[in-house]
Each structure stands twice: as structure tokens, then as C-alpha cells.
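**Student:** Okay, here's the prediction I keep looking at, along with the sequence it came from:
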Number of protein chains: 2
Amino acid sequence: MHMEPSKKLSLEPYKGTRDFYPEDQFIQNYIFSVWRKVAESYGYVEYNSSILEETDLYRAKSGEEIVNEQTYNFRDRGDRDVTIRPEMTPTVARMVARKRKELSFPLRWFSIPNLWRYERPQRGRLREHWQLNVDMFGVDSLAADVELISVGYDVMKAFGAPNDSFQIRVNSRKFLNFFADSYLGISPEQKHKIFKLIDKMHKMPAKEFEQAGAEILGDAFGKLEQVISMRDALSLPADLQDTDGVADILNVISSLRRKGITNAVFDPSLMRGFDYYTGVVFELYDANPANPRALSGGGRYDDLVGIFGVEKVPGAGFGMGDVTVADFLETHQLLPEYKATAKLYVCHTDGYIEQANQLATDLRKQGVNVASDLTDRKVAAQVKTADKQKIPFVVVVGEEETKSGTYQVKSLSDGTEHRAAIAQIADIIKD
Amino acid sequence: MHMEPSKKLSLEPYKGTRDFYPEDQFIQNYIFSVWRKVAESYGYVEYNSSILEETDLYRAKSGEEIVNEQTYNFRDRGDRDVTIRPEMTPTVARMVARKRKELSFPLRWFSIPNLWRYERPQRGRLREHWQLNVDMFGVDSLAADVELISVGYDVMKAFGAPNDSFQIRVNSRKFLNFFADSYLGISPEQKHKIFKLIDKMHKMPAKEFEQAGAEILGDAFGKLEQVISMRDALSLPADLQDTDGVADILNVISSLRRKGITNAVFDPSLMRGFDYYTGVVFELYDANPANPRALSGGGRYDDLVGIFGVEKVPGAGFGMGDVTVADFLETHQLLPEYKATAKLYVCHTDGYIEQANQLATDLRKQGVNVASDLTDRKVAAQVKTADKQKIPFVVVVGEEETKSGTYQVKSLSDGTEHRAAIAQIADIIKD
């Protein structure tokens, strides 16, 4: 019954993950509340599922690299191959397919799952992170793509992000496929390789990108480089410009502009890693050149629900991660100040702990969050705890207070004191 | 790039886990919100950590059976032995130990983690469940135990549970140890075995329990059976009654009674599975004899923080699971009715989708949650979507509405209609 550990137990959380102490969880809760508020303002409803899925789900469409190198896979005690979810889209597609006939489309769904990738932890990338996922099913028109980008934009505005602090980058898989297959005329193998390379180009030196690109494409690389450096669809060569993919991109950018969202640009180098995208893809990108990172990304995946053997359902969605958002908010000094949940800390002199607890109980019934000190320490030590824990008000219960039924409520932020009966305390604290 | 699955993809969630469709997540969110509200009313602050911990953390104190047979253990790509957390207490103890010197005690912390056990799924027990965890660190007196039980009690009351629908069972590890070591005088091996057996006695036929118990203890089993069937500490044999453990139990029960909590009883058969408990242990137990299950359970674990090699910190806490609570609420018809997040569904006639979207945007700015139908279906089909998704109001935007700037707002619950300009719509919907 008494097993002592054979070596000293680690105090650290598992590599690449975080302990959320109350001050950290406060930030998380703030981020989640903004996500939830904006998603709900558009009528999205929350869903969730298990963190474990059978590995086959990801083999199907997430992409080879993710399943083979970046996921947490293992075999359970019942010999099932399972994976801790690296992303939410396969799960939501599975859930939609599962109730394909009962659900009433179009669906607006959101979730805030934690997701896992096995990778070297670094700034902005951890092994476990939380992600807002917003998805619409049952609408195949660009109106859905435009709304989803607007939701992401509104989230950033709700965080207080200045307009010039991020950019919306828009591309299209239809455009990219036409560009590779018809315009460049490269082979499927070359296409696969060059797309993977472009997906990483902003994370490698330009020289390295050029060398690797030329190796894959030979002469065609020059033609590719010219196009992917453009940011204006109207300057594209005519035979590229006059395609469905480019029409979609222009439509999305102009629709956003009509809604007052003016920071969207065409970016032919925008890939998004997942294999399942079929149409428009987009990212919200940090405008700070020192921090070249996506804050959010998504796109259309019209074929994903169909892989489960049910009738196709068009889908589109995006994700936004807590780690990148928290970094962004910190950089732009947009993080809220920590607040304790208790508004009042009830201290007591020797022998008056039951009376102190009774006061706390009475105030709770009035809807006030109250913590009562349960130690037998001196009053000064009890007050110090309140101050360190950032609880804004204290009251001390002793002989005199118990007799008179009035209490001295002290603000720890400015030191002001108010004498009050129980009925008035809630009002004092609210001010 | 196009990998098709070799076999048909499963539509089901992983065995023993749940998909939370919006109606299910609505219930989860309700349960979480009640948990959070009550915990915060006592000044508890939220924390969290990673779902993966190094396996050593559980080897230390959770108990052999849990680590060897019931956890999700695996080796990560970097050869670390990791476990998906089966419970939260080892994590919170680790976190407290990690910042032992910076934290200001006493701490009141709560969390709502998801936890994993590898077991045969059955009613009330799934492989993944969520659990409210409420813990206090730095108070060694029974005042902490009493508060924690009160928090659990208040949670049940906040759910609307009738007083006679559950019972608070109180026991003490101090009592149990004295009972086994001194009163029965059994060996440590016998004690270990009989405690495990008692822990499961309410889940097995009485005959089976008696047979197994007699096998372990021989003649001493009769003495044990007599004591563990008692429910009044004052009827215990004098040499058992006059012990610290029983004094603690009586103190807790009478303190609760003074607070108006009258459904607490002594239960010498209450074990709680974990090896780390050191003092009072307790459960909130379903009073329905057809459903002999704990809704919540916890206790004192004064030695747990110390196993990390830092100075000891007294601790006590409890957990309450979402699966058992949801079953309980369903049985007692206490579940809330589903509400969509959108209050209004904006439909449009052909060609007026942009105007419909504009109305939705304007209303969102007034703080109303609005979904706009983005399909090109007939109006009747759009309205039907709102009805099926339980969105309470609809409005149709067409030529006339766009010209007049007034809209017909229809309630789908009672069919009433109100003609209104944009400025009035929010008020109509609130009513």
C-alpha cells in the first residue's frame, strides 16, 4: 500500500505543456470567453468530443507527416490504435457524418478543444494547445467563407487588436491546383513536394527555399516564384487570372471590403498544411515582421464528410490557437488584469471563526463571492493572504462585530473603510 | 497526397467516450456553470494543467490497481513513460509543490479536468469523464473538511437536488487505521486486502462479500462486519469510540448540522480508493437504493505535497463527476431545456442575402446573437431550419423590408408577430 517513488518526482509539467496556475487560467478563461462570445453572436453552438480517436480517422485526410511524425499514437489495452487528437476537423466531420440524417443544415458549430502535436516545443508552438474551432456545414457558397473570416476578424477586434496589427491572407486550393497542374504543368509528385516546401517558406531563409525549389521544379521554379510573390490577383498572368479559383478569391476580398474589413489580401503562397482543403483557404497573420506567424487559419473542405461513406456535406471552418493569441495579446499589451473570484475575505479574531463563517454564508446567499480564512493565524497574516491573493476587500469578525452586527469593510486597493451592517456589505463591495 | 482509408472509417466516438452534440454540450455547459458558480462563491480560483503527466506521478500515490490496470499509459516518441491523467489530485499536489514558496496559503483552488480510466464502459462509468475538483491547501483543521463538504452540498442544492435525494457519508482514515491495526489487530496484508474488499462491497452480492471477507480475516471478520454495518458513531464499542478518528467524524457531522446540513451520517464502510488519504474521507451518495453510487467523494491528504521533496502542506479536496451528476439530474428531472445560442434567425428572399447579413451585423452590434441563413433555399425551408435548431425568433428580409426599414419579427414558439424597425428588434426578442 505504501509505494514510494524510486526516484525523485518531477515538479514540472510534461515537456511542452503548461501548468495553468490561477493567474494563467484567468488569461485562458478570458481568451475562451471572447472566443465563445463572438462565435455565439453569430449563432454558432458549442460541441465537443473525446480527446482520443481511432488513428484511422487521421490517416484518412490529415496528411502523412502529421500522422507519422507529429501525433501521439499508441495502442490501448484492447489493441486499438488510438491518437490524441492533433486537430478537430476530422472529429467534427465524423460527428456530422454520424448524424447526417438527423441534423438540420446549415449547421454553425464551434468548439474549444485541446489538441496535441509531438514536436520540439518553441515560442508559439507547444505540444498541447487549445484552439477555437468554428465550422459551418451545408453551405457551398462563398457567403460561408466570408462569414467565417468575419468571425475570425471580429474575434481579433473583440480582443482589442488594432486593424493594422494583423492581415487576412486569402488563397484557394482551386487556384493552386490549376496553377500547378495546368499553368506550370508539373507532375503530381512535384506538386506535392513544392506545396510542402511553400508551406514552410516563411520559416526558412530565402536562399534555402530557392535552392530546394529549383531542385524540385527545375526551370518551372522561376515561373512559380514570380507568381507566389504577387499580392494582387489582378496582376496575375491573364490565363491564371481568368479561373474559378481567382474569381473566388476576388469575390471573398471584395465581400469583406463591403463589410468594412479592409485588411484582406490575396496570397498565392498560402498553403495551409491539411490535405482536405478543396476551396478558399485563409489565415489571419501577425502583421509584425518580427513575428511571422498565423494567428488563425482555415478553409473549405467540401469532400471531408463524404469520406465516411455518407452523402457529401459542404464544410468550411477555421481554428485559432490559445498560445499564439496569448503571445499576440501580451505583445500588444491587451491582456486583462488578474481578478480573484472572491470579492471579500473574511478574517476573524481568536474564537470567532464560526461567526466569520456565518457572515460569509449570509453574504453568499446575497450573491457575493466570499472566502473565509480558516486558519488560526493572527489577523494581520489573514489580511496579508487576501492582499497577496488580490482579493479586493477584507472584513474582520471578532467580539465587537458579533455584538453590534456591524462590520468594518476595508478596501485593500485604496485603504478606505466603511462601517456597515450585513445588508449593506454587498453594495459597498460592488462599488 | 490522396490517401484513401483502407477500411471504412468508423462513425462512432472511441469506445467508452462521448460525442457532445450541441444538445449534449448544452447540458455539460450547464453542469460546468453550476460547478463554477458555487466554487467561486466560496472564493475558489480555477487552475488546470496538461492531460498528460509522467507515469511516475501516479506510481507514487494513486494506488497499484489504478496505474497497472486502469490507466492509459504509453511511451512517447522521446521514450518518456506518460499517462493520461486518471485523476487530478496528484497534479494539483505537484503544482502546489512546484510553487511551494511563491504561493500564499491557504489556497482555494478548483478545476474541471477531463480524466481517463481504462475500464469496461457501463452506466455511470465511462473511459473519459469530466470532474469538478475542489481543493484547499494550508489548513489542517476540520474547518477545511467541513467547508469542502458544504461546497459539495451547495452544488447539489444549486442543481435543485431535494435534501432527501442524497446523503453525506463521513468516515476517517485515522479511524480505519486504528480499527484495523489496534482493534482488530490484523496484519498489513490483511488490512490492504480487506480495505479493497470493503471499497467494493456495495457493488457485490452480500454473500460474496461475506465469503471473501471471512477468507481474508478468519474469525476477525465477524467483529469487522458488526462495526462496518453501524451508522451511528455513538453506538461503537467504547475503545473505538474514544479515538481521534471518531472525534473528527463527530465534529464534522455536528459542524455540518449547525450549518443546517442535516443529511450527514457516519459510515465506517466508506473507504475511498486512493492510497493518499490521511484523515476524514467523505462521499455524497445517491439516496435512491436502486442507484447505489457516489455522486462525489474526497478527503484529507496531508502527506501528498510532501512526497515531492518540499515541506509538507496539509490538503483536502473532493471530486464530482459529470456522468454521475448528469444521470442524477436526468433521474430527478432537473435537466435544463436546450436553448440555441442565436435568439434570431434572419431569412431572406432571393437576391436579398447581403441585406439580410447587414441586418444581422447591425443587431450583433446591439449585443443580440443572430444567425443569418446563407443558403439559396426557399423562405419556408429557411424558417424550418430555425425551428428545428430551436432558435426562438425569425425575420425575413426582402424587397419590402429593405425599402421600409421595418421588419416582421416572428416568435416560433407562439407564432406572434411584431412589426419593428431595427432599433426595436432587440427589445422584442428579449421579451
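**Tutor:** Arrived safely.

**Student:** In this structure A:Arg108 contacts A:Tyr47, no?
**Tutor:** No. The criterion here is CB atoms under 8 Å, and A:Arg108 misses it with A:Tyr47 at 10.5 Å. Using the backbone N, CA and C atoms, a C-beta is placed for each residue, glycine as well.

**Student:** Comparing these two, which shows the higher neighbour count?
**Tutor:** A direct count of neighbours by other CB atoms under 10 Å in any protein chain shown for A:Arg108 and A:Tyr47 places A:Arg108 higher, at 29 against 26.

**Student:** What mean pLDDT does stretch A:424-431 get?
**Tutor:** What stretch A:424-431 shows for mean pLDDT is 89.

**Student:** Of all the residues in it, which ones are buried?
**Tutor:** For stretch A:424-431, a neighbour-count test (16 or more other CB atoms under 10 Å in any protein chain shown) marks A:425-426, A:428-429 as buried.

**Student:** close to chain B, is it?
**Tutor:** No. Judged by CB under 8 Å from any CB of the partner chain, stretch A:424-431 stays clear of chain B, getting no closer than 12.6 Å.

**Student:** From A:Asp145, how far out is A:Ala97?
**Tutor:** A:Ala97 sits 21 Å away from A:Asp145, going by CB to CB, to the nearest Å.

**Student:** just checking, A:Tyr285 touches A:Gln167?
**Tutor:** Yes. With contact defined as CB under 8 Å, A:Tyr285 counts as touching A:Gln167 (4.9 Å).

**Student:** more neighbours, A:Ala97 and A:Asp145?
**Tutor:** Neighbours per residue, other CB under 10 Å: of A:Ala97 and A:Asp145, the larger number sits with A:Asp145, 29 against 21.

**Student:** Please name the bridge partners of the nearest residue to that one once chain neighbours are set aside.
**Tutor:** Among residues not flanking A:Asp145 along the chain, A:Val280 sits closest, at 4.6 Å (CB to CB, 6 or more residues apart in numbering or on different chains). Beta-bridge partners of A:Val280, counted by DSSP bridges, are A:Ser172.

**Student:** Likewise for the one 4 residues further on?
**Tutor:** Each beta-bridge partner of A:Leu284 is listed here, defined by DSSP bridges: A:Ile168, A:Ser296.

**Student:** okay, it: pLDDT?
**Tutor:** 97.

**Student:** Burial check on it, number of neighbours?
**Tutor:** 27.

**Student:** Can you find the helix or strand in chain A with the smallest mean pLDDT?
**Tutor:** The weakest-scoring helix or strand in chain A, judged by mean pLDDT, DSSP states H and E, is helix A:64-65 (a mean of 66).

**Student:** neighbouring strands for the next helix or strand after it, and are they parallel or not?
**Tutor:** Once the chain leaves helix A:64-65, the next helix or strand it forms, by DSSP states H and E, is strand A:72-75. If you go by DSSP bridges, strand A:72-75 pairs up with strand A:81-84 (antiparallel).

**Student:** how about the CA coordinates for the helix or strand just after the partner strand, as CSV?
**Tutor:** Per DSSP H and E, the first helix or strand lying C-terminal to strand A:81-84 is helix A:89-98. C-alpha atoms of helix A:89-98 as CSV (Å, rounded to 0.1, in the frame of the first residue of the first chain):
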residue,chain,number,x,y,z
THR,A,89,-11.7,19.0,-38.1
PRO,A,90,-11.7,15.2,-38.7
THR,A,91,-13.7,14.8,-35.5
VAL,A,92,-16.3,17.3,-36.4
ALA,A,93,-16.6,15.8,-39.9
ARG,A,94,-17.1,12.4,-38.3
MET,A,95,-19.8,13.8,-35.9
VAL,A,96,-21.6,15.4,-38.8
ALA,A,97,-21.5,12.2,-40.9
ARG,A,98,-22.7,10.2,-37.9
